[in-house]
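Enquirer: okay, predicted coordinates and the sequence, questions at the end:
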Amino acid sequence: MQRLPALFLLLLSAVVVSLHQCTAFKEADFKKCASSGFCTRNRGVKGTQYSVDPGTVKVEGADLSATLTSKAASQSFNLTVRAYGPTVRIIVDEHASEHPPRYQIPDVLMSTLQQQTTKWASSQATAHTWTGSIGDVTVKLTFASFKLEVLVGGKSAVVLNSRSMFNFEHPRKKQEGDPADWWEETFNGHQDSKPAGPEAISIDMTFSGSQHVYGIPERATNLALKPTAGSGVVSEPYRLYNLDVFEYEHSSPFGLYGAIPVLLSHKQGLTVGAFWLNAAEMYVDVESVRDGQAVQWITESGILDLFIMTGPSPKDVTSQYAAVTGTTAMPQLFALGYHQCRWNYKDEADAYAVDAGFDEHQIPYDVLWLDIEHTDGKRYLTWDSRLFPNPIAMQEDIASRGRKMVTIVDPHVKRDSAYYIYKEASDNKYFVRKSDGTEFDGWCWPGASSYLDVTNPEVRSWWATQFTPDKYKGSTKHLYIWNDMNEPSVFNGPEITMQKDVLHYGDVEHRDIHNIFGYYYHLATAEALIHRGQEKELYGEHGDRPFVLSRAFFAGTQRVGPIWTGDNAAQWSHLAVSVPMLLTLGLTGLPFSGADVGGFFGNPDAELLTRWYQLGMYYPFFRGHAHLETQRREPWLFGEDTTRRIREAIRGRYALLPYIYTLFR
């Protein structure tokens, strides 16, 4: 009888995994604005009444500080306007109180940012306004009805709260008769306890004279963002919430695996960028109005920490954003070549055969990848000794022809006390916790899994020691890493992710850090390869730069490594939409990206596969990848003519390689 519960759990795991593998996009599995209380409370709501207390306005160096007051709620907040040359930062946060402070994101902004602060060249206050200038940039703050306008060269670039949609839900104690969605929320049977109550923030922006806005990846849609609000428009807002979305829809505002809360407006003579440093769930509405483009941002928690990059050119905006969050990490040359991947190359013989196939057909490539089936029961940093009995010899053989290998390492850790990674992390309390302090237990590829709390610097430091060959048995200096499922994906969780009320380092709720979790896991793994790369006996005096591919991302990911656009499909529409998806990532500071050539799901015919290679050779990250249940599609399996065309495309990539590498420099 004792075996029955274990058998039931095993079957449940199989069902969950089977559904994940075989089911296409299910709209009902994911939230919309109407099922998110914070969005429905704030979307389209105008007439909020906030004002600046003129008596509190104070200018010291680069900072203007003041008290912002809500007339309706009788609450006050700290307002700071800070100058970094042509970039203006606006911060709104609560005063210190009996309530816990709101989460503010560390580890994203450049450590040198404070050195870039710039004293206001002019500062003038009246009874109704304050005006400050630096060079061509002027900021005008209106007191009586809070409004902040940024002008460039005397012309309006962006106006905050011109439509009176700013709202900052203040801390409070639970009372009888409070609205139901303030203190708990249920979606598809999953309950969110919301212990802090309502804490959403809304802000509107108007870009005068602009016809289009761009950015806020990731989603499969146009480069110029279509309106989601306004007369005659019926649409969901754009959503930023990192999720494991397989076989996603194209031409949709739905958010995918990563989130960069950066929006750009462009008109003749002026490009402006807005970056909201906030990792909570976020919705963005775009509306065409009489005098330009209007945008409303709504986030569930955190603070308002907004950077306005004033350009005036597109190049200037990207440079200003890079000054805030960093430039793109310099890749190794092999990372810019062609990568061959499949879920899964089944054993060493299969890997050797694929490697030999490229030589036989005179097709260049640089990296062979292994997906989850190479591991011992989905225990990452291990090998299945039946299928890969000699991984070191395999890597050395492939490296003898100038090539590398990549293995997958996901953030879910199999709950098995005999598995050294789990035991050591559990003993040190390195996992994400439930509110009662016990380890969070979710389902993913291994079955019951715990998740490393990579927001904790101590956990990241520990993780950074796990990839040296003495720890990662069977690895060599030729092996690099792939982080998948790091949104994080939790098969039995709400929206296939982690519950918002589980706890991270410092008792921070997951709702506050959700969109940055994948960034932290990516960062921790890259730091591990940096640590490995410092071993002189492996890499010599000059060391080794990391290569770690990630699916989830956030602002700052460009400093860490490349990403790809996730589980696309072998469809012409997915080939087409890959272009605006990658261009949007580039515009928002993450140019080292690519889409799975051929489509991850489904079976492309020879024409689609050929055209995808002919396009993919221009992707910054160039990889062919396919699902476990698809037909094999190595470049030589579709006939001599198709092989020739694909060979020409891949060789074309290598002809461009010196130029591409130089662009990264």
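Expert: Thanks, I have the structure now.

Enquirer: poorly predicted segments of the chain, please.
Expert: Within the chain, the stretches with pLDDT under 70 are 1-24.

Enquirer: max-length strand in it?
Expert: Identified as the longest strand of the chain according to DSSP state E is strand 75-84.

Enquirer: hmm, who's touching that strand?
Expert: Residues from elsewhere that reach strand 75-84, judged by C-beta atoms under 8 Å, 6 or more residues apart in numbering: 52-53, 62-70, 88-95, 113, 116-120, 132, 134, 137, 139, 141, 148, 168, 170, 323-324. Heads up, the C-betas are built off the backbone N, CA and C, glycines and all.

Enquirer: could you check the angle strand 75-84 makes with whatever helix or strand comes next after that strand?
Expert: Proceeding N to C from strand 75-84, the next assigned helix or strand is strand 87-94, under DSSP states H and E. Comparing the axes of strand 87-94 and strand 75-84 via axes from the mean of the first three to the mean of the last three C-alpha atoms, to 10 degrees yields an angle of 160 degrees.

Enquirer: which residues are in contact with N486?
Expert: 410-411, 517-518, 521-522, 550-552.

Enquirer: for those residues, pick the one with the most neighbours.
Expert: A552 (32 neighbours; other C-beta atoms under 10 Å).

Enquirer: all helices for the stretch 151-300 of the chain, in order.
Expert: For the stretch 151-300 of the chain, helices defined by DSSP state H, counting those that start in this stretch occupy the ranges 180-183.

Enquirer: now, which of the contacts of strand 75-84 lie within helices?
Expert: 323-324 (DSSP state H).

Enquirer: so for stretch 101-114, what gets flagged as buried?
Expert: By 16 or more other C-beta atoms under 10 Å, the buried positions in stretch 101-114 come out as 102-103, 105, 108-110, 113.

Enquirer: now the two most distant members of those residues.
Expert: Farthest apart among the buried residues of stretch 101-114 by C-beta to C-beta are R102 and M110. That separation is 22.2 Å.

Enquirer: which PyMOL command selects the buried ones in the contacts of strand 75-84?
Expert: Those of these that count as buried under 16+ other C-beta under 10 Å are selected in PyMOL with:
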select buried, resi 52+62+63+64+66+67+68+69+70+88+89+90+91+92+93+94+113+118+120+132+134+137+139+141+148+168+170+323+324
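
Enquirer: all strands in the stretch 451-600 of the chain, in order from the N-terminus.
Expert: Under the criterion DSSP state E, counting those that start in this stretch, the stretch 451-600 of the chain contains strands at 479-483, 503-504, 508-509, 548-550, 563-564, 593-594.

Enquirer: mind checking which of those strands is nearest F431?
Expert: That would be strand 503-504 among the strands of the stretch 451-600 of the chain, by C-beta to C-beta, at 10.1 Å.

Enquirer: give me the residues contacting that closest one.
Expert: By C-beta under 8 Å, 6+ apart, strand 503-504 touches 432-435, 453, 455-456, 509-510, 513.

Enquirer: look up the closest residue to R43, ignoring the ones flanking it.
Expert: C33 (5.7 Å; C-beta to C-beta, 6 or more residues apart in numbering).

Enquirer: that neighbour and P237 touch, don't they?
Expert: Yes: taking contacts as C-beta atoms under 8 Å, C33 lies within contact range of P237: 5.7 Å.

Enquirer: can you list residues touching both of these two?
Expert: Joint contacts of C33 and P237 (C-beta under 8 Å, 6+ apart) are 39, 43, 283.

Enquirer: what subset of those residues is buried?
Expert: Neighbour-count burial within the shared contacts of C33 and P237 applies to 39, 43, 283; the criterion is 16+ other C-beta under 10 Å.

Enquirer: list the buried residues for stretch 523-536?
Expert: 523-533.

Enquirer: just these: which are in helices?
Expert: 523-533.

Enquirer: sorry, back to before: got a quick PyMOL command for the buried subset of the contacts of strand 503-504?
Expert: A single PyMOL command selects the buried members of those (16+ other C-beta under 10 Å):
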select buried, resi 432+433+453+455+456+509+510+513
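
Enquirer: can I get the contacts of strand 503-504 in CSV with distance to G556?
Expert: CSV is the format used below for the contacts of strand 503-504 (distance: C-beta to C-beta, whole Å):
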residue, distance to G556
V432, 21
R433, 25
K434, 28
S435, 29
D453, 19
T455, 14
N456, 18
E509, 21
H510, 19
I513, 13
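
Enquirer: perfect, I'm done here.
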